[in-house]
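Chemist: Just the structure for this:
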Amino acid sequence: MEISDARKLKALEEENRKLKKLLAESMLDASTLKEMLGKTSDAQLAETYVAAPPQR
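Modeler: Presented below is the predicted three-dimensional model:
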């Protein structure tokens, strides 16, 4: 392997590391948003049930 090939490989490995970090952060953000939306929906459902319980 020549020096230029080693430099290219190192640059590609660094870029790959950065992309993996960005992906992990995006996945964490998406997971957090889904969890927050779920809690919000649950809270709204509970408020609706307390305000007007289902009639039988």
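Chemist: From residue 13, how far out is residue 25?
Modeler: 19 Å (Cβ to Cβ, to the nearest Å). For the C-beta atoms, the positions are set from N, CA and C on the backbone; glycine is no exception.
Chemist: again with residue 40
Modeler: For residue 40, the distance to residue 13 - Cβ to Cβ - is 41 Å.
Chemist: ok, now residue 30?
Modeler: Distance from residue 30 to residue 13, by Cβ to Cβ: 26 Å.
Chemist: what does residue 5 give?
Modeler: Taken as Cβ to Cβ, the span from residue 5 to residue 13 is 12 Å.
Chemist: tell me the average confidence for stretch 37-45?
Modeler: What stretch 37-45 shows for mean pLDDT is 77.
Chemist: again, but for stretch 17-34
Modeler: 95.
Chemist: all strands for the protein, in order.
Modeler: For the chain, no strands are identified by DSSP state E.
Chemist: all helices of it, in order?
Modeler: 3-51 (DSSP state H).
Chemist: count of neighbours near residue 40?
Modeler: The number of residues packed near residue 40 is 10, by other Cβ atoms under 10 Å.
Chemist: typed the wrong thing, it's residue 31
Modeler: 10.
Chemist: How much space separates it from residue 24?
Modeler: In terms of Cβ to Cβ, residue 31 sits 11 Å off from residue 24.
Chemist: Residue 47 too?
Modeler: Residue 47 sits at a distance of 35 Å from residue 24 (criterion: Cβ to Cβ).
Chemist: and if you look at residue 12?
Modeler: 19 Å.
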